[in-house]
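Q: here is the input, now give the coordinates:
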Amino acid sequence: PFAEVAFEQTFVDDDLFIENFCDWGGGLSRTFERRCIDSRDLLEFAQSRGNFDRLVAPNITEVQAGGSARQYFARARRFAVAHHDDYGRPWGRSFLRRHFKSSNYRHSAYSRDVANQSEFDKLANQITDCHKCTRLVKWREKVSIEKRASYANETYWGKPIAGFGDIRAKILVMGLAPGAHGANRTGRIFTGDRSGDWLFRAMHKAGLASQPESIARNDGLKLANAWVSTAVRCAPPDNKPTPNERKKCANFLTRELELLSRVKVIICLGSFSLTAICDELRIRPRPKFGHGVVINHERYKIVCSYHPSQQNTFTGKLTEKMFDGVFKTAVKLAR
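A: Below is the predicted model of the structure:
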């Protein structure tokens, strides 16, 4: 019989990589078990069969799924895979298990991802342990003790904030600094404040975030093909870090860009973030900041946007349509 399954795809250079090849047990037939197979395995499997072009049928527009699975795939590309006769032999669970068990390619790819994640974890620990800027350390700790009345019963994070997202990201979003009662409270960048509401709503519309809100570290938010970071890692007084404080954080940005080796597009939220990126990439003369401006670099496309601060969103300087447009541009440039 013919069975429809679905998977999400992204493009890396000129090669097709299927990021997730899943049978969603909650949405498809119960005869399928939930399983995810690494993108490179599926590519190698198809090429070894000599029928990759026939394996992928890109004109399927319906996925037999319901509930959250249907909502998930509504934002992704859909494909169909034949189960039996078209390709000469069945590839049921036992066949797939034998093939992938013997595939050294899969295990090497998995090992690379594990090693890369380990490097991100090391960087996150280095950021969290930083005490270089006396002014910022005093402020972030003072805020976490005094608290805002509406969060009086919560325990504030009160430490520097590391980046967050997909380690295979092709889009890097650069903010200014953590919010005193947002990230400094929750422990995750752009989480728990109005700026985060705007950011992740726009990213969700663009297919880069699993949900449109970011409330807490354990809220289930996942990013796909995107990484979010800031020029300064500690909450500054009045949301105004100094140039010297930005420079003291620069080594973290350097290491982050080294690890994010697939990034093609950098979205700078505000002129302060653009300055940090220009200094890091040694772009001279420094381009003039403007919303929607795209700057060409030998390695990156840099897209400028007004920061989704309340000052900009309440006054109408930044509208949702303007902000959504920035992410649409970034997604196109990252292909």
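Q: C133 contacts K248, doesn't it?
A: Yes: the criterion here is Cβ atoms under 8 Å, and C133 meets it with K248 at 5.7 Å. (C-beta placed from N, C-alpha, C; glycine too.)
Q: looking at these two, which one has more neighbours?
A: C133 (22 against 18; other Cβ atoms under 10 Å).
Q: who touches the residue nearest to R148 when sequence neighbours are not counted in this structure?
A: Spatial nearest neighbour of R148, chain neighbours left out: H181 (4.9 Å); criterion: Cβ to Cβ, 6 or more residues apart in numbering. Residues in contact with H181 (Cβ atoms under 8 Å, 6 or more residues apart in numbering) are 143, 147-148, 151, 192-193.
Q: then A162?
A: Contacts of A162 (Cβ under 8 Å, 6+ apart): 123-124, 127-128, 189, 233.
Q: any idea how far it is from P178?
A: According to Cβ to Cβ, to the nearest Å, A162 and P178 sit 10 Å apart.
Q: coming back round to it: going by neighbour count, which of the contacts of A162 comes out on top?
A: R233 (28 neighbours).
Q: show the average pLDDT along the host helix or strand of S118.
A: If you go by DSSP states H and E, S118 is part of helix 104-128. Throughout helix 104-128, pLDDT has a mean value of 74.
Q: just stretch 322-335 next, same as before
A: According to the model, stretch 322-335 has a mean pLDDT of 97.
Q: at which residues are the strands of the stretch 51-200 of the chain located?
A: 164-165, 171-175 (DSSP state E, counting those that start in this stretch).
Q: and V143, how close does it get to V228?
A: 21 Å.
Q: quick one, which of these two is more surrounded?
A: V228 (28 against 19).
Q: listing request: residues of this structure with sub-threshold pLDDT.
A: Scanning the chain with the threshold set as pLDDT under 70 gives 1-115.
Q: who touches A183 in this structure?
A: 157, 161, 189-193, 196, 235.
Q: which one of these is nearest F252?
A: I161 (10.5 Å; Cβ to Cβ).
Q: is it true that the closest one touches I189?
A: Yes: with contact defined as Cβ under 8 Å, I161 and I189 form a contacting pair (5.1 Å).
Q: which neighbours do the two have in common?
A: By Cβ under 8 Å, 6+ apart, the residues touching both I161 and I189 are 178, 183, 230.
Q: going by distance to N239, which of these wins?
A: For the shared contacts of I161 and I189, the nearest to N239 is P178 (9.6 Å; Cβ to Cβ).
Q: and the closest one, how close does it get to A330?
A: 22 Å.
Q: and the two? which has more neighbours close in?
A: P178 (30 against 27).
Q: and that one, what is it in contact with?
A: 160-161, 184, 189, 230, 232-235.
Q: looking at this, I302 is in a strand?
A: Yes: under DSSP: H, G, I helix; E, B strand; the rest coil, I302 sits within a strand.
Q: neighbours of it, how many?
A: 24.
Q: ok, for it, nearest residue in space, not its chain neighbours?
A: That would be I295: by Cβ to Cβ, 6+ apart, it lies 4.0 Å from I302.
Q: the one you found: which element?
A: Here I295, judged by DSSP H and E, is contained in strand 294-296.
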